[in-house]
Structures are given as C-alpha cells and as structure tokens.
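Visitor: Sequence and computational prediction follow.
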Amino acid sequence: MAFLSLENVSKSYSNGDETTTVLKDLSLTMDRGDMVMIMGPSGSGKTTLINAIGGIERPDQGRIVLDDIEVTSLDQRQLNEYRRNKVGFVFQFYNLIPTLTALENIMLALEGRKKGREEMRNKASDQLELVGLDGKQDRFPQELSAGEQQRVALARAMVKEPDLILADEPTGNLDESTETMVLRIFTKVREELGTTFIVVSHNQRLRDYMDRCYELRKGKLVSI
Amino acid sequence: MTLTVRMSLRRLRSRKLSLVLSSFIIAWAMAMLVAGMLSSQVLEVSSTAYLDDLGMPDMFVSLSEGRPIEEVEDALSSSAIDTYDLRLRANGRATIGGAEVAVVLIGTSQPVNGEINRLTLLEGRSFAAAEESVMVAGSKTPMGSLEVTVNGLPLELNIVGKVRSAEFLINELETGSIVPGSGGMSVIYLPLTTLQTVLGQVVNDISMMIDDVQSRQEVEAALFPLPVSSMTYREDHQTSVIIQMGVDKFKVMLPTISIVFIFIGLISIFITMYRLVLSDSRNIGMLMSLGIDRWRIASSYLAIAGVILVLGGTLGVLMAYGFTAMISQMALDMMGQIPFVMPFAPLPFLTGLLVIVTAVITAVLVPVALVLRQSVNDALRYVPRTKVWTFGRATLTLASSLGLRNLFREPKRAAVVLMAIGLSIGAAGSWVLMVDSTQTYFDEQMSAQRWDVRITFNAPLDSDQAINDFSYGPANTTVPFVTLNGVASSDRASVGASVLAASDIEEVRTFELRRGSLDFEGAVLAKKIAEELKVGPGERITLNLGGRTETLLVTGEVNDLQTNAIYTSNASVMALLGEGLCQGVFVVLDDPAHTADYVSVLAGDPMVGGIELKEDVRLSLSNMYEGAISMLYAFFALNLLIALAVAVLATIISTAERDVEFTALASLGLPRSFIWRSLAVEVGTQATISAMLSIPFAFFLAKVFATMMEEAVFYIPIILSIATTVTVVVIGWMFVWPSIIWPIRWFRRLDLVRTLRERSSR
C-alpha cells in the first residue's frame, strides 16, 4: 500500500460570484522515501496541494491518506497532532520566530513531545550541526543570512523526524551555493531517515535531485 | 472624500476594537472632567433652590437664656431685617425603646406656611392642637405619643407628622462632633405656646431674613442687648457647610482625575496611531513617491482623529450626563433627598470637548509627523524591527521565554504601555488610598478625643458648680466648656467660626500642631479657617457674637476635621458669654467601661440638655462614611475598566502584528496550551509589572488629590498601608488579566492559509 495517496482531491475558492477550481479530481501516490517535485504557474494550486496534504487546508472532496491515517477525516485537534508528529513544513520565507534563537526555533518543533529540556536541546544542536550552523545556535533570525535562516527552518522541520516534509519554494530566496547545500541536506535526510519529500518550486535545477516531477495543469498533476 | 482620506479610513476596518477602546478611554476622560464641573453646578443649583424654597434664614441667632418676646422684638426693629421667626428651643430627654435619647424641642408659631423656616411635610400632618408635634426626618422618635422631660418637667406630646427643614437637612451627623453636623438626634417641632408652658413666656432662638450682606453689621449691633450665644450666617450654617464641602469635593476630585485619564487616552491613541502609521510606512512612501505632499498625507490621518472624536465625544457626552446624574443624585440623597435640578450648563461640555479635541489631534498628528520625517526611500524600505531581550535563557521554558520576549520586543513601547496601565491602575488605586487614609485619619481624630462623655446644659452654669456637680463616681476629670458660633474677623477677611473654649482643653483632646504653639490663652485655629482669615501665629483676630466682640491673639494652627474651629480658654471668651459660665462639661472617666453607670445618674438632672458618648460619635461617623466609601470603591472598580481597556489595546497592537508567528506555531502543530502558556506569561508579566508600578502612581495621585482637597475641604494625610498596597496590586493585576481573552480568541479565529499566503512574505 502506498505511503501517501491522494484520491480525487478537489478544491475550489469562491471570490464573490466567481469560483476558481485549483485542484480537480487530483490523484497521486507516493512511496516512503520518495522525493517529488511539483511545478506550475502562479495560482495553479501548488501551495493549496501541500497545505491540504499537511492538514492546514481541507479539500472540498476526495481523500488524503498518509501512512494509513486518513487526513481528510481528522478533526482540528487530530490535525494539530498530525502536523506535530507526521509532517514538517519548510516555507519560502522561513517563518522563524524572531524572538527565539536559532536553537530555540528548532527546539520549538519538539514542544509537546514529552521530552526533557536537555534532550530537546541536544537534538536541536544535532540538527543545527547537520545543516552546518553549529556555532550559530544563539543567533536570532534577524542576525542570520537568508540562507542560514532557511537552513534553520529546514532543521526545525527535520528535528522531529517527520515522515513527510513539505517544502514550498524552499530555495526561492537563496543563492546558488546555498540552494545546493539545502538540496544536499534533503538528499542526506532521505537516505538516512527515509523521509518523503514533496517540493513545490519553479526552479528547474531542483529536478536533478528529484525522483519524479509533476506539473499542475487545470487542477490535475501531469508527469513531466 | 479624497482618496488619501478614504485610504486612512479603510485602514480602520481591521482596527474596530482598537478604535472603540481608544474612543472609550477618551470618552471616560471627558466624562470625568465634565461630570466634575457639572456635578458641582448641579449640587449648588439644586441645593440653593431647595434651601430658598424651604425659607432657609440668612441668619441664625441663639440666646444663652430665654427672653420675653417683646424684648426680642424691640431689638429686632432694625429696618435691615426683612422678616424674622422667634422660637423657643430646648434640649429634652425621652425614653424610646427602653433607651434614653436626647431630643431637641423647637417651639414655633408658623410651621408650614411662613416665609421663613418653612417645614416640608413628608408624612402625616402638621400640628394643630397644643399637644401635637412633628419630627424632623431622620429622628429616632416614633410617630405617636411621647413623653419628653424638659428642665426636669414632663411634657406629653403626640407626634403626628414627619417633616424636613433646611436647618436639619443633614440629620446624620452628631451635633458638636468633630465634623460639623446637626443630627443623629430627634428634633421635634411643636407649638411655641406648648413649650412655653414648661419654660416660661420667653423665646431663645431667632431666625432672620436680612436685606443684604451690607446690612449685617447693623443687625449684629441691634442684637447687642440680647444674651447671644450663637450667631451664624446662612453660608456658615452646618447645612450650607456640608453642601459646600460636597460641591468642592466634586469640583476638585473629578476634574483632577480626568487629567490623568486624558493623559492615558493620549498615550493609548498615540501608541495605536504610531503602530498604524508605522505599518503604513510603505504606503506613505508610495504616496510620497507619487508627489503627494506630506501635509496632505498627514491630514488624511486626521480623518481617523475625527472618527475617534465623533465616537468618543458622543459617548463622552452621554457618559458625562450619566455620571453627573448618578453622582449628583447620590450626593443629593445623602444630603437629605434634595430634588435634582439640572441647570443649562454648556460650558463643562464645551470645555470637555475642547480638551479631548486637543488631546486626540495631538495624539494622532505627532506619530504621523514622526513617520513623515522619513525620506521616500526609507519609508518604502521600512521593515519592522524587533529588539530581543534574552533573559533567563537557561532556566525558562520556551513558552515563558517567548512570552517575556514578546512583551519587551519593542522596549520603548513596552515601557510606555506598562506606564500607561500602571497609571490607570494607580489613578483608580488612589481612590482606595484616599478612602483608607481618610478612615485612618478619622480614627486618629477620634482617638485624639480623650473625653468619654460630653454633657451640654439647658442654660449656662457656673463652671465651678459644673465641676462640682458632675465629678461624681467614675469621673476622673471634668472640664467645663463653652461653644460659640459667631463670626471671626481679621484685617483681611471675615468668616463663620465655631469656637470651643475650655479651661484645660488638652485634658480632653490632643492636637496635631502645624505651626505656632498650643497656647490656649490665645486662639489656636484650624488650618482652613486660618487660611481663610489669612492669619498666622502672632496676629490678632476678633470674635463677634451678637454685637459683642473679643479680640484674641492667634498662637497656633492645627490640622482639624472641623475646618472652622477655633480653640481657646474659657477666660478668653468671658466677654461673650459671661464670667465664670460654661455651657457644658467634658468628662473623662477612670475607665470607659463605666460610661453606662455614669450616664444613668444624669437622666433625671433638669440641667442636662444633651449627653453625648464618644462611642456614639464614632459610630455615627463611621455610618456616615460607609456610604461615601462604597461610592469610592465603586469608582475604584469603574476606573479599573480603563486599565483593562489600555491593556486590551496594548495586547491587540502587540499580537496583531505577530499573526505570521502565530501561523508558524500552528503549522508546527504545537499544542494550543503552548500558545496559551506563552500568552499567559506575557499578559501575567504585564499585569504584575503594571500593578507594581501603580503603587507609586497611586501614592503620588492621592497626594495630589489630598493637596487639592485640603484647599477645598480638609486636610487628609496620605498613608500607604500594606493592606491598601496589596488591595491595589491584586485587584489591578486581576483587572489586567482579562486582556488575555482577546489574543486567545484572535488566535482561534486566525486564518492560517490566508496569513501564510498574504502575510508571510513581509
């Protein structure tokens, strides 16, 4: 059975009298450890798709099942728990908490997991080291470069060892060398932990690191 | 409407609660200011109209002994006297419900229809037959038959009605107590001829309507042949004095506190506007890049000031009217159910509006001007800055760290907000401090009274004989005294004065000396009357009582609740009352527990007109202030609403700019308890710090109020007790806490998807 399956997922937005369908009977299956890229023009529904998989947004129709959990039937509390345990998000603009240090931002993802403070700290330090930021643990987001901030965001997503990482334009604000570093981290995490990745991007260079690549056209995924 | 104005007004859509809270704070400030000014006018107008309607005399004169009507009428032949009422007044005693009570009997010939001293019938009917009588509202006597002992003789009366009179309007305070008052006593009006059957064909009480103030000296001179013991003008009468105290209190207290609230409102609007304008920086930069001049951009924000003023002004007018009606009605009820008269008085409202217009326009334009000073480039590139204070990193949980750092992420704003909330709680707390200090001061004043029983005589008695007659049983010290109400004059002013003359006055009470010495061979003056007469130690004053005068050297000035008190020795007032005479005695007992034994012997004494126990005075004082204290506590709670409004406003500003952070936390799947703990630390710390800060503010403001009250009423030393401190801190803290509801509610409603899409790129 597939690790992730989307069956006939549809989502529309209405804006006054006008209704826009962004996902239309969309289906997708992925195995554990797959790394998939989704491309498409602005407004094609890429972000809606990963928000739906991540439990941030509910589709109008269809089923989403991740590791035998039917995401589309979870209530708010269960969705919260699902996001806490199963999914890690990486955003284009990092969304780090400006009043927490790099280390604390990463520790934040472990809150509510009944871990001791020291254990949380050690785990977060390991992740910082993994993304090449050891020594910058006490820096606040505004004291880090864009690439460093994205790597902290990545560490925050990975520290809880989620089954699935959803990355929305993760390299959109990064220079080429930082972009390469981020992608290498993705690959390393997938190899070591078997993490599944769905990456939304316009960046063609990312294709080299992916198992498959889709384009969202008229609400459906088309393999490219 | 120009496009820039429309742009500014549309920004208010997402700030409705801030707008309402800012308007509420400013409305509150305006209402306090207007209510202070208007309440004093209402009290003045209502009480004057009522006293005029009741035929309140211009002058009250008491004779130390009765005189035939013809003799008195001869003395009152002056053309300056419009009309007069001759009455016979006596102190009696009656047994009511098994207890001995003092009764004041006033024999009058024109109870309800005359032009002077008119009685208003409240219940029953006026007296018609010889044995019939009416009592003043507040009297302890029941309706029906009553036997009163006057001069040792029994007098059978039938009380057929209850009345209100101007001279006993405030029938709550004990006569001759440390606060000028008239009552706690049973006052009975009866036909003059009935009382004369017991006391002889004489009168001893004269009330007069006089042409004008200039005629007073002529009237005083005309009284010379009569044995005057008390001469009081209308403005010095206890009824007028207490009403004036109320008027002055409202005139001073409310406008003073309103200044604090206007300041708080100014800060709140400033913070809100500063945040709004800062977040508009890019828009402002864009407008500047389009060549729109700065003044036009600034003036578009004045539309926001306009909205706040329309909302705040309308609410302020309504609240001001409501406060005025509430305060005045309560005060008028306390003063004796005086009918409420609302004068046409636009000035307080215009003043209030002018003040809030100035405050709001300043609070709106200053932050706009600060942002408009930027260059176009700087405005376009504006990015909000966050300052992080990293305290307690090793020991605090992440939720606590987040809460604390969020509170102080803009240190200057945090400091201003904490000060504003602290000031609001402090302003409210100052009322509690005033209450506590007043109670403490009254207790101290009561403990300054060393006497246990105060006996007043029906007629002046030789001092030696009085000492001899009343120094029996448990009496340790007996001090004869004279009380005289007359006019005190200096070179610069004349005012009504209440003189207490006693042979050894320090045996019966202690004094808090302000300056000079406690030399009672001269006159020791209460601070207020010393100020009104503009005299100090070493200067001379003249006491005038019915044409008789006595000049005294001022030797000292004391703090005293009775603001028109003059203390001196018996010898100093001999010329006014007669050599060696006294009107009563203070008795200090071996043990206050023997009071009942001592008093029981006095019951049948024909000379004894009134018996006052120290404990009764204390109780009547505390009863009187209970009502006032409840009102002050109600104001404390109401004013705390402003603290809550400021706290909510600050929390809204602080959390609304953190929507992306809340979204990030939600996307991590953090339990809600984490967010709530973080908010609890933030709001709890804000509440704790501001509640602590409120104490110095409360103390300072109470000092200011006390200083202003000192000018208007009497001196109250402000004492900061531990109990008051704890009360203000804890209740203030509790009032700030509900501000947490808003961010919790806001977080629950936060649209994660929309925020992630629209706001996370900023």
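Guide: It's in.

Visitor: so who does residue 71 touch?
Guide: If you meant another chain, say so; for now it's chain A. A:52, A:53, A:55, A:64, A:65, A:79, A:82 (CB atoms under 8 Å, 6 or more residues apart in numbering or on different chains). Yep, even glycine has a C-beta here, placed from its N, CA and C like the rest.

Visitor: was after chain B, sorry
Guide: Contacts of residue B:71 by CB under 8 Å, 6+ apart are B:225, B:226.

Visitor: nearest to residue B:497, of the contacts of residue A:71?
Guide: Closest to residue B:497 out of the contacts of residue A:71 is residue A:79 (81.8 Å), distances taken as CB to CB.

Visitor: Next one: the closest one relative to residue B:48, how far apart?
Guide: 72 Å (CB to CB, to the nearest Å).

Visitor: now residue B:295
Guide: For residue B:295, the distance to residue B:48 - CB to CB - is 51 Å.

Visitor: quick one: which of the two has more around it?
Guide: Neighbour count, other CB atoms under 10 Å in any protein chain shown: between residue B:295 and residue B:48, residue B:48 has more, with 15 against 9.

Visitor: got the contact list for that one?
Guide: No contacts exist for residue B:48 under CB under 8 Å, 6+ apart.

Visitor: What strand or helix carries it?
Guide: Secondary structure from DSSP states H and E places residue B:48 in helix B:16-53.

Visitor: buried sites along the helix or strand just after that helix?
Guide: Per DSSP H and E, the first helix or strand lying C-terminal to helix B:16-53 is strand B:59-67. Across strand B:59-67, burial judged by 16 or more other CB atoms under 10 Å in any protein chain shown covers B:59, B:60, B:61, B:62, B:63, B:64, B:66, B:67.

Visitor: which one of those residues is nearest chain A?
Guide: Set against chain A, the nearest of those by CB to the nearest CB is residue B:60 (73.1 Å).

Visitor: Can you name the residues bridging to the closest one?
Guide: For residue B:60, the beta-bridge partners under DSSP bridges are residue B:207, residue B:232.

Visitor: can you tell me how far the residue lying closest to residue A:202 once chain neighbours are set aside sits from chain B?
Guide: Nearest non-adjacent residue to residue A:202, counting by CB to CB, 6 or more residues apart in numbering or on different chains: residue A:39, 6.4 Å away. From residue A:39 across to chain B, the span is 18 Å (CB to the nearest CB, to the nearest Å).

Visitor: ok, residue A:39 - contacts?
Guide: A:46, A:200, A:201, A:202, A:213, A:214, A:215, A:216, A:224.

Visitor: if we go to 10 Å?
Guide: Residue A:39 sits next to A:46, A:199-204, A:206-207, A:213-217, A:222, A:224 when contact means CB atoms under 10 Å, 6 or more residues apart in numbering or on different chains.

Visitor: who touches residue A:58 in this structure?
Guide: Neighbours of residue A:58 in contact, by CB under 10 Å, 6+ apart: A:11, A:51, A:52, A:64, A:71, A:72, A:74, A:79, B:753.

Visitor: Could you say which helix or strand holds it?
Guide: Assigned by DSSP H and E, residue A:58 falls within no helix or strand.

Visitor: now the one 4 residues further on
Guide: Remark: residue A:62 resides in strand A:61-66, with elements defined by DSSP H and E.

Visitor: Give me the buried positions along that strand.
Guide: Buried residues in strand A:61-66 (16+ other CB under 10 Å): A:62, A:64, A:65, A:66.

Visitor: just checking: which of these also lie near chain B?
Guide: Among these, no residue lies close to chain B (CB under 10 Å from any CB of the partner chain).

Visitor: Which two of the residues you listed have the greatest separation?
Guide: Every pair of these checked by CB to CB; the farthest is A:62 and A:66, at 13.6 Å.

Visitor: From residue B:53, how far off is residue B:425?
Guide: 44 Å.

Visitor: show me where chain A has helices.
Guide: A:46-53, A:76-85, A:102-108, A:117-130, A:146-158, A:176-193 (DSSP state H).

Visitor: Pull the distance from stretch B:591-598 to the chain's centre.
Guide: Distance of stretch B:591-598 from the chain centroid (CA atoms, centre = their mean, to the nearest Å) equals 36 Å.

Visitor: okay, now residue 45: neighbour count?
Guide: No chain was given, so I picked chain A. 26.

Visitor: Wait, chain B was what I had in mind.
Guide: Neighbours around residue B:45, by other CB under 10 Å: 17.

Visitor: Just say helix, strand or coil for the residue nearest to it when sequence neighbours are not counted.
Guide: Distance criterion CB to CB, 6+ apart; nearest residue to residue B:45, sequence neighbours excluded, is residue B:343 at 4.6 Å. The local conformation at residue B:343, judged by DSSP: H, G, I helix; E, B strand; the rest coil, is coil.

Visitor: How about residue B:7?
Guide: Once three-state DSSP is applied, residue B:7 turns out helix.

Visitor: Touching, it and residue B:13? I think so.
Guide: No: assessed by CB atoms under 10 Å, residue B:7 is found out of contact with residue B:13, at 11.4 Å.

Visitor: just checking, residue A:107 touches residue A:116?
Guide: No: counting by CB under 10 Å, residue A:107 stays clear of residue A:116, with 11.4 Å between them.

Visitor: Between these two, point out the one with more neighbours.
Guide: Legend: neighbour count by other CB under 10 Å for residue A:107 and residue A:116, higher for residue A:107 (23 against 8).
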